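K.L.:
Mind folding the following:
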Amino acid sequence: MPTPDESTPTSLPRHARTWNQVSTDHPRAATIPLLFTEQADARPEATAVEWVDGAWTYRELAAQARRGATALRAHGIGAGDVVAVVMRRSPAAVATILAILHAGGVYLPLGPDQPADRLTRILRDADVRMAVHDEDEPVEVPDSTTAVSADDLFTAPEDADPQWWRERAAGEAAYVIYTSGSTGAPKGVVCPHRGQIRLARGAGELRIRPDDRVLATTDLTFDVSCFEIFATLLNGACLLLAQDSELLESKALENVVRGRHVNVMWLSAGLFHQHAHLTPHLFAGLRLLIAGGDVLSPRAVRTVLAEGRPGTFLNGYGPTENSSLSTVCRVDDLSPQAEYVPIGVPVAGSTAYVVREDGTVAAPGETGELWVGGDGVALGYLGDPRRTAECFVEDRWSPDAIRGRLYRTGDMARWREDGALEFLGRRDRQVKIRGYRVELDEVESVLSAHPHVHQTAVGVVGEGAGQRLVAAVVAHGGHEQKDLAARLHEHVRDRLPSYMVPTRIASVDALPLTSSGKVDRRSLSALATPAAAAARDDAPRGEVEETLAGVWRDVLHEDRIGRDARFFALGGTSLRATQVTAAVRERLKVPAGFGRAMIRSLVGDPSLRDFAATVRDLLDGHEESADTDTDFAVESRLDADLRYTRPTTAALGAPRQVVLTGSTGFLGVYLVDRLLREGVEKVHCLIRADDPSQALARLAARMRRYGLDPEPLLDRVVPVPGELAEPHLGLSGRDWNRLARETDLIVHCGAQVNFAYPYRALAPTNVGGTRTLLELAGEHTTKPLHYISTIAVIAGFGTAGVAQVDENTPLDHADRLSLGYPETKWVAENLVSEAGRRGLPVAIHRPYEVTGTVDRGVWNTDTMMCALFRTIAETGLAPDMALPLDFVPVDYTADAITHIITHQEPDGRVYHLTNPRAAHLPLLVERLTAMGYPVRTVPYDAWTEMLAELTARLPDHPMAPYVAMFVEPARDSEVSVKQMYTDGIFPAFGRHNTDAALADSALVCPPVDAELLDTYLREFKRTGFLAPPSACTRAAFAPGNTA
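P.N.:
Got it, this is the predicted structure:
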């Protein structure tokens, strides 16, 4: 890859120059009639057009074109006049198009089936002089337009070719295509002769050969029909016409392809997916297959390559405004991890640039708008100079030979490292959900990458604050649809932020298609709206049940909630449980301190009536002590029979084979990257998945999401599909023994992270999984274990009055931690320490707040700290509290852990991975204000009041899962759980072991200063996690304002 350099609005970076080496070997000065006439003269007896019961040679088709041109001229059609072709795909329609061009006119294809008022409006808008229609389908036209049947047009005597077409130039209009506008009004795109000629006669794999038999599959109103017709006829090949019914039904299409010896074909994405699903083998005999017009499913592409590979398979991309095609990608292989099918590189005579919002060219891997240039760029929108000026801009970068204007496609794309482009979705399919910017096409692409998904469409339902994402998916045949929605939710969560995960994913038999073969997304709302769920008939009774039903409706997005409806059966999740709790606390004024009890109830998947009974008890002041009587000492007892007497195979330095849990987490993906780069031969990654291929795909997706390139490393990753909470990790006896024999070190980074769930809900994964790994550590050989814990395990010391906790201080005060997650980590640490005392080499790592990368600020935004950043920015209010910003960037943290693993004996020491130069919340307030987000500090109680009101009104708000931490009192304390972590309460902690272990490295934790915070804030703004300051309506969030 060329080294990127800086771009300015008038300069072009090196990588963009390298990837836009333009070929101009095509006859740029020629027109379509000239090149067709040359073919007719050179190959007069070759078949030009063939249909079911007939054919025309090039000589016969040329005669028809001249005859029609003579008739058009007799009707007064002159150079540049627009003539409508209101016809179905037929030999007469092809002859009519050529006749119009031979007469020097411009053709406008229109569908006979469209509404009469739309047809009339377009005819008037385009100032159409004449409309040619099929004999059996007359059309109504305005007084300014003459209607002529094709039969009448071709009854005129053939004239010697007067070559009226010579009055036209290659850069002048050849045709007009009307496309749907964003406002609903159709717009006419005027395209030059040169645009199609660059495709038909340019160098590259699109070039049609004289012996090719090309099947026309698209409606004449679809701009790819221009490519089908002209790429065939300007190269002396044969254009094959078939009935629509033969193209839509897979078996019928297979009969056409085999029976008529088709060897070249274009298919829209919708039809390609359909046929790839049902009869992928039908493509095997093709010399050239081109698919495009919409995003291609990686699964469908892999299926065709495996079961029906054509000689050449191209993914074609291009807007009508760039003459059908702008880029193509030859697809010879697609890895199981690939989630996009690239759209490739520019076609002959064309350029393509990824452009930032400021008008500069983006770097490789950076998302921007795709601008295309060269000979294919349209002349503009017919009769709309204002819109033309907006969308067609000065070309500052292309080579002089083809420099003209660039078309701003409105499509989002990025360059890969090899220069191929990836299409990421439409800008005009960008929506706001919960205040976040969401690209619907990006969500669709991620869903389409799942191996069980054949097709998908994503849209928005609801209005205002109630807007939410929904998806409809067509599953691949043969795949069990049970639990498919749950698997797809997890698949999307692995790859995208939580606000981009659809609230509902509905399985449907088929997605409706438009006449051009694209998915009809306008009908998505009906497809994704499920039938009424069961157990809704018994209506809620009384104020508490009715209020709770209203909360469940808001959070679960269900229209009706009955008394016997169950929380998880209706789509409840741990996140939604916290949202319910926050809303119920505010709406029913449940006293602070009872939030944990409500969460415990929801975790048990109660019916509405059962949950209401719990809430009524809380309102009466009664609370069960289900989690306050946990005996953490008992929980921390290790199996008495577990001993570590076998020899260890690991030596100091890079271990050969490492077991890593939590590899798809934010820190986990960086540990995968760093361990492999440090010299580990193989990393065996335990990943929740159905099979190794899916596990590897999950890991690759997570690495990309968090800014890492997985491709150079994946061949050294061994995916291990399994679950921490399952006995033997859910592995078979054979796989368990293989893992125990082949590996020589364990890094346990996996955990269920949830700050609302109680200990009992998290213990099976966080404690049980640790017990299982300690068992694995002693199987066959003794394998050292590094445990990734959290600094939160020492929080209980603070409310117990202990001011200082060093790395070697024995753990205590678990009963004061007040959150299930650190309680499970506390118990797990004790288990690991006890295993160390029994002979297992162990080390414990306690990071503080793992944050975004140092260089770019790439962060996992699904965290409490990120939600706090956003809440302060959008409300303009910050709590007056001494909250430390002890940030340890994820890349530094992974580097530090890896260095300790490879350079320190695991002798039971604990390492505090904290920032020696931390900051406090006022610095965040300062930096937000400096970036245009004015923030003022308010008393803590006033701020938590605002927070409670905000999350009750907006249950999907990112702070909803964390409200309890700010309002619930800690056990045996008068402060909230979050206040336990403030200066003066949270104990001071040393990091002597860490400093000593890293002394021989070059690692330095960057200070939490203005530079680091500004890096994070800029990244939040760039990705849309933070809205621009002008979009933050702070008045709506003032304390006491519930409007």
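
K.L.:
confidence score at the residue nearest the centre of the chain?
P.N.:
In the chain, the C-alpha nearest the mean C-alpha coordinate belongs to Glu442, at 3.4 Å (C-alpha atoms, centre = their mean). For Glu442, the pLDDT comes out at 79.

K.L.:
ok, it to Trp415 distance?
P.N.:
16 Å (C-beta to C-beta, to the nearest Å). (C-beta placed from N, C-alpha, C; glycine too.)

K.L.:
Tell me who's in contact with Gly419.
P.N.:
The contact partners of Gly419, taken as C-beta atoms under 8 Å, 6 or more residues apart in numbering, are Met1, His15, Thr18, Trp19, Val345, Pro364.

K.L.:
ok, the fourth one touching Gly344?
P.N.:
So the one you mean is Trp19. No. Between Trp19 and Gly344 there is no contact under C-beta atoms under 8 Å: 10.5 Å.

K.L.:
would you say Leu406 is within a strand?
P.N.:
Yes. Per DSSP: H, G, I helix; E, B strand; the rest coil, Leu406 lies within a strand segment.

K.L.:
quick one: it and Tyr353 touch, right?
P.N.:
Yes. Assessed by C-beta under 8 Å, Leu406 is found in contact with Tyr353 at 7.3 Å.

K.L.:
Touching both of those two, which residues are there?
P.N.:
Trp371, Val372, Gly373, Trp397.

K.L.:
which residues make contact with the strand or helix carrying the third one from outside it?
P.N.:
Think Gly373. Using DSSP states H and E, Gly373 maps to strand 368-374. Residues outside strand 368-374 that contact it (C-beta under 8 Å, 6+ apart): 22, 198, 318-319, 322, 326-327, 346, 349-357, 361-362, 393, 395, 397-398, 402-414, 421, 423, 427.

K.L.:
Could you chop the protein up by domain?
P.N.:
With automatic domain parsing as the criterion, the domains of the chain are listed as 1-31+195-409, 434-528, 542-619, 634-654+751-1030.

K.L.:
on that earlier part again, for Leu406 and Tyr353, indicate the residue with more neighbours.
P.N.:
Shown here are Leu406 and Tyr353; by other C-beta atoms under 10 Å, Tyr353 has more neighbours (28 against 24).

K.L.:
Could you give the average pLDDT over the host helix or strand of the more buried one?
P.N.:
Tyr353 is part of strand 350-355 when elements are defined by DSSP H and E. For strand 350-355, the mean pLDDT works out to 95.

K.L.:
and that strand with strand 368-374, angle?
P.N.:
160 degrees (axes from the mean of the first three to the mean of the last three C-alpha atoms, to 10 degrees).

K.L.:
Just name whatever secondary elements strand 350-355 is in contact with.
P.N.:
On a contact count with 3 or more C-beta pairs under 8 Å, 6 or more residues apart in numbering; DSSP states H and E, strand 350-355 meets strand 368-374, strand 405-415.

K.L.:
Quick one: low-confidence residue ranges for the stretch 551-700 of the chain.
P.N.:
575, 592-593, 622-628, 649-653 (pLDDT under 70).

K.L.:
can you give me the helices in it?
P.N.:
Secondary structure of the stretch 551-700 of the chain (DSSP state H, counting those that start in this stretch): helices at 574-587, 595-603, 608-619, 632-635, 666-677, 692-705.

K.L.:
If you count contacts, what does the following helix or strand past the last one end up packed against?
P.N.:
The one in question is helix 692-705. Helices and strands here follow DSSP H and E; after helix 692-705, the next one along the chain is strand 717-721. For strand 717-721, the elements it packs on are strand 682-687, helix 692-705, judged by 3+ C-beta pairs under 8 Å, 6+ apart.

K.L.:
could I have strand 717-721 exported to PDB, CA atoms only?
P.N.:
Extracted C-alpha coordinates of strand 717-721, given in PDB (Å, rounded to 0.1, in the frame of the first residue of the first chain):
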ATOM      1  CA  VAL A 717      -5.800 -18.100  16.200                       C
ATOM      2  CA  VAL A 718      -7.400 -21.400  17.200                       C
ATOM      3  CA  PRO A 719     -11.100 -20.700  17.700                       C
ATOM      4  CA  VAL A 720     -12.600 -22.700  20.600                       C
ATOM      5  CA  PRO A 721     -16.400 -22.500  20.600                       C
END
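
K.L.:
Would you pull up how far the next helix or strand after that strand lies from the middle of the chain?
P.N.:
Going down the chain from strand 717-721, the next helix or strand is helix 733-742, by DSSP H and E. Relative to the centre of its chain, helix 733-742 is centred 36 Å away, using C-alpha atoms, centre = their mean, to the nearest Å.

K.L.:
three-state assignment of Val132?
P.N.:
Under three-state DSSP, Val132 falls in the strand class.

K.L.:
try Gly908
P.N.:
Going by three-state DSSP: Gly908 is strand.

K.L.:
Give me the distance between it and Pro987.
P.N.:
For Gly908, the distance to Pro987 equals 21 Å [C-beta to C-beta].

K.L.:
buried sites along stretch 602-609?
P.N.:
For stretch 602-609, burial by neighbour count (16 or more other C-beta atoms under 10 Å) applies to Leu602, Val603, Gly604, Pro606, Ser607, Leu608, Arg609.

K.L.:
Quickly name whichever of the residues you listed is closest to Ser732.
P.N.:
Nearest to Ser732 among the buried residues of stretch 602-609, counting by C-beta to C-beta, is Val603 at 30.1 Å.

K.L.:
Isn't that closest one up against Ala761?
P.N.:
Yes. Using C-beta under 8 Å, Val603 is in contact with Ala761, at 4.8 Å.

K.L.:
residue boundaries of the helices in the stretch 401-550 of the chain?
P.N.:
For the stretch 401-550 of the chain, applying DSSP H, counting those that start in this stretch gives helices covering 440-448, 484-495, 524-528, 542-556.
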